[in-house]
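Coordinates for the following, if possible.
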Amino acid sequence: MYLLMDLGNTSLTAALHNGERFLTRFKVPVGRLHMLWDDFQRELGEKDMRRVSLAVLASVNPSAAYDVEKTVNEWLPVAHFTLLGRDQEIPVRALVDHPEEVGADRLLAALAAHRRVKDACIVVDLGTAITFDAVSERAEYLGGIICPGIGMSISGLFTKTARLPMVDFREPEKLIGTNTVGSMQSGLYYGTIGMIDGILERMIEDLGPQTRTVATGGQAALITRGSRFLKEADEDLTLEGLQIIWERSAGK
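The predicted structure is shown next:
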């Protein structure tokens, strides 16, 4: 059994893999990583916990990565822990000014997206931030664009105004809202799609019309339904990138 983990700024996404397919996926908020052992017990079960022989972590959150490593070493005693970037490099050439600044999650998503489309592509990751990453036809990371995430927009409307409520992000029933909640949901949904499509249009003009697009992250499918340029959605791109790393290290 192999435990593949992607640690972001707000949550840890983990998946159990048996060498052929993903068996279990679960998320843990960063704020409760000190209780990660409890989530391991609930999501993996005692039997599978004893069978995990390798735990691979990709992280953009160094302080929280320490908690994850500590928990794995304590509660998964037979697992060999690997932190990408420290114990093993990600085999993606980053053609940017400062390659060390590119997050492991972005490189892994680029690796998985290129395997998926087998050509130049743009990965749109709808996480804490919305990122746009350009990948060459040779699977090189060319650079990207970083924008505020959906959660930031929702939080900003709620905390910076006196009368606007907290709302869920969803596709609105109609374009023009006839109440406050409907107006906010329409603005958030179509505003996000408009921003994404506007940036993708410019990037495709720059990279060439053959460039494919792939969305990932928790809202990927929802955004893809309304986008003019996003045609594919895969919530698990980063985990699939981790799977590729494991396959290569195992000689598969």
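
Low-confidence regions, the protein specifically.
Across the chain, the ranges flagged by pLDDT under 70 are 250-252.

Bridge partners for the residue most central in space within it, pull those for me.
Centroid check for the chain by Cα atoms, centre = their mean gives residue 217 as the closest residue, at 4.8 Å. With DSSP bridges applied, residue 217 shows beta-bridge pairing to residue 126.

In the lengthiest helix in the chain, which residues are buried?
Assignment by DSSP state H gives helix 180-207 as the longest helix of the chain. For helix 180-207, burial by neighbour count (16 or more other Cβ atoms under 10 Å) applies to 182, 184-189, 192-193, 196-197, 199-200, 203-204, 207. Glycine gets a C-beta too; all of them are placed from N, C-alpha and C.

per-domain residue ranges of this protein.
In the domain annotation for the chain, the residue ranges read 2-88, 99-241 (automatic domain parsing).

quick one: the strands in the stretch 51-200 of the chain?
Taking DSSP state E, counting those that start in this stretch as the test, the strands found in the stretch 51-200 of the chain are 54-59, 80-83, 121-126, 129-135, 141-148.

if you skip the residues just before and after it, what's nearest to residue 148?
In this structure, residue 148 finds its nearest non-sequential neighbour in residue 129, 6.5 Å apart by Cβ to Cβ, 6 or more residues apart in numbering.

Next one: that neighbour from residue 208, what distance?
26 Å (Cβ to Cβ, to the nearest Å).

picking that back up, among the strands of the stretch 51-200 of the chain, which is the most enclosed?
Of the strands of the stretch 51-200 of the chain, the one with the most neighbours on average (mean count of other Cβ atoms under 10 Å) is strand 121-126, at a mean of 27.

which residues does residue 219 contact?
126, 150, 169 (Cβ atoms under 8 Å, 6 or more residues apart in numbering).

I'd like these laid out as a markdown table, including distance to residue 28.
Below are these laid out as a markdown table (distance: Cβ to Cβ, whole Å):
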| residue | distance to residue 28 |
| --- | --- |
| 126 | 19 |
| 150 | 20 |
| 169 | 21 |
